[in-house]
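Visitor: sequence and computational prediction follow.
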Amino acid sequence: MGQSDLDISVVVPCYRDPDLLDDLLQSLPKRDGEAEGVRFEVIVIDSGLDDRVAAVADRHGVRCRRGPGRLLPGDARNLGVDLARGEIVAFIDCDCVAEPGWIDAVAAGLKRRGVMIGGPVLDRLPWYTIASVDNLLQFADVGPRRAAGPVPHVPSCNMAMRREDFLSLGGFEHRDQQSGEDVLLTSALNRRWPEGLIFVPDMRVRHLGRRTLGVMLRHHHGFGYTRGALRLHLTEMQQKWGRLALLIPAVALKRINYIMKSGLGYGRTSAGRFLLVLPLMLLGMLAWAVGFRRGLMEAARR
């Protein structure tokens, strides 16, 4: 599809979450209209073949498209970019809501500098302990006090870049895993454009963390598995030591230390709250470390 004179295409992958999609679409200022002079459209990709998702999109007056079958998040976003008419593609997930000014921050951020931009990912339920811990474990380094400037990575739930640059990188790489496609994309971008990935503090979204312990632990086990299976940002020595079962607690503690420093430094949490939720964080990181080892073991057998 050819591009029009739209500034931004907002791409939203949605897997069987019509209520969350409704919240997200309500958080955007207008659909297929203007926000402070920024012309934009919203494209919902129904990745779970759910008629309820299409009904919500239709009620809000936005486009909704399906693939040939069940789509993983990266493939759903790629389909959205194929349909996009805007110069810029912005990605936000349906379990997020956009803070006021998000569209404007996307447009202004890419005009100022950078090839790709991203911003803070905050809590939708800041006092719901499990949901807050889930978010802290994922988004410690994209907190509200992080300064504008180059960063190594931003998550795909709050990310934007020019469509032509996205396509030149080949989009999100197709993988069988549920996660990790954003790390692969930002790694490819950093190799081509060092310091081309910029953090924009005004580009804020709020993410709904997982609210039950079992779901949270499975989710972080999957994150760890993907990191190990794809060997993302790992040296040969890290891979070797990470495959040792005896070092699972050490791997978990090392990652907890990184999250603590990032979370405190970037305003994601306070020291007192961190101590209160530390037992839950340790459980989450143990699940991550077990998944990490499993992924490394499978990668070594290939």
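Guide: Alright, I've got the coordinates.
Visitor: looking at the chain, which helix or strand is least sure?
Guide: strand 34-35 (a mean of 53; mean pLDDT, DSSP states H and E).
Visitor: got the CA positions of the next helix or strand along the chain from it in PDB?
Guide: Beyond strand 34-35 on the C-terminal side, the first helix or strand identified by DSSP states H and E is strand 38-46. Taking C-alpha atoms only, strand 38-46 is exported to PDB below (Å, rounded to 0.1, in the frame of the first residue of the first chain):
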ATOM      1  CA  VAL A  38       0.000  15.600  14.000                       C
ATOM      2  CA  ARG A  39      -1.900  13.500  11.500                       C
ATOM      3  CA  PHE A  40      -2.100   9.900  12.400                       C
ATOM      4  CA  GLU A  41      -3.900   6.600  11.900                       C
ATOM      5  CA  VAL A  42      -4.300   3.500  14.100                       C
ATOM      6  CA  ILE A  43      -4.000   0.000  12.700                       C
ATOM      7  CA  VAL A  44      -5.000  -2.900  14.900                       C
ATOM      8  CA  ILE A  45      -3.700  -6.300  14.000                       C
ATOM      9  CA  ASP A  46      -5.900  -9.000  15.300                       C
END
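Visitor: from residue 216, how far off is the residue sitting furthest away from the middle of the chain?
Guide: Residue farthest from the centre of the chain, counting by C-alpha atoms, centre = their mean, is residue 246 at 31.1 Å. Distance, residue 246 to residue 216, using C-beta to C-beta, to the nearest Å: 25 Å. (Each C-beta comes from the backbone N, C-alpha and C, glycine too.)
Visitor: what's the neighbour count on residue 261?
Guide: 12 (other C-beta atoms under 10 Å).
Visitor: now name the helix or strand holding it.
Guide: helix 248-265.
Visitor: the helix or strand following that helix to helix 248-265, inter-axis angle?
Guide: Helices and strands here follow DSSP H and E; after helix 248-265, the next one along the chain is helix 271-301. Orientation of helix 271-301 against helix 248-265 (axes from the mean of the first three to the mean of the last three C-alpha atoms, to 10 degrees) gives an angle of 130 degrees.
Visitor: helix 271-301: which residues count as buried?
Guide: Using 16 or more other C-beta atoms under 10 Å as the test for burial, helix 271-301 gives 273-274, 277, 280-281, 283-296.
Visitor: repeat for stretch 94-105
Guide: 94, 95, 96, 97, 98, 99, 102, 103, 104, 105.
Visitor: can you check stretch 150-160 too?
Guide: Result for stretch 150-160 [16+ other C-beta under 10 Å]: buried residues 151, 153, 154, 155, 156, 157, 158, 159, 160.
Visitor: residue contacts, the first one?
Guide: Which is residue 151. By C-beta atoms under 8 Å, 6 or more residues apart in numbering, the contact set of residue 151 is 118, 141, 142, 197, 198, 199.
Visitor: mind checking pLDDT for the residue nearest to the last one when sequence neighbours are not counted?
Guide: On the basis of C-beta to C-beta, 6 or more residues apart in numbering, the spatially nearest residue to residue 199 that is not a chain neighbour turns out to be residue 151, at 4.5 Å. As summarised for this prediction, residue 151 has a pLDDT of 97.
Visitor: tell me how far residue 151 lies from residue 198.
Guide: Residue 151 is 7 Å from residue 198, by C-beta to C-beta.
Visitor: ok so, going back, wasn't the residue farthest from the centre of the chain part of a helix?
Guide: Yes - Residue 246: assigned to a helix according to DSSP: H, G, I helix; E, B strand; the rest coil.
Visitor: returning to that earlier point: now do the shared contacts for residue 151 and residue 198.
Guide: Joint contacts of residue 151 and residue 198 (C-beta under 8 Å, 6+ apart) are residue 118.
Visitor: residue ranges of the helices in the chain, please?
Guide: In the chain, helices defined by DSSP state H lie at 18-27, 51-59, 73-83, 102-112, 129-139, 163-168, 181-192, 213-229, 236-242, 248-265, 271-301, listed in chain order.
Visitor: what mean pLDDT does stretch 157-174 have?
Guide: Mean predicted lDDT for stretch 157-174 stands at 95.
Visitor: kindly export that stretch (C-alpha atoms) in CSV.
Guide: Extracted in CSV, the C-alpha atoms of stretch 157-174 (Å, rounded to 0.1, in the frame of the first residue of the first chain):
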residue,chain,number,x,y,z
CYS,A,157,5.5,-1.7,23.5
ASN,A,158,6.8,1.9,23.2
MET,A,159,8.9,2.4,20.1
ALA,A,160,8.8,4.4,16.9
MET,A,161,10.9,5.0,13.8
ARG,A,162,10.6,6.1,10.2
ARG,A,163,8.9,3.5,8.1
GLU,A,164,11.6,3.4,5.5
ASP,A,165,14.3,2.8,8.1
PHE,A,166,12.3,0.0,9.7
LEU,A,167,11.9,-1.7,6.3
SER,A,168,15.6,-1.2,5.5
LEU,A,169,16.4,-3.3,8.6
GLY,A,170,14.0,-6.0,7.5
GLY,A,171,11.5,-5.4,10.3
PHE,A,172,11.1,-7.7,13.2
GLU,A,173,12.9,-10.9,12.6
HIS,A,174,10.6,-13.9,12.5
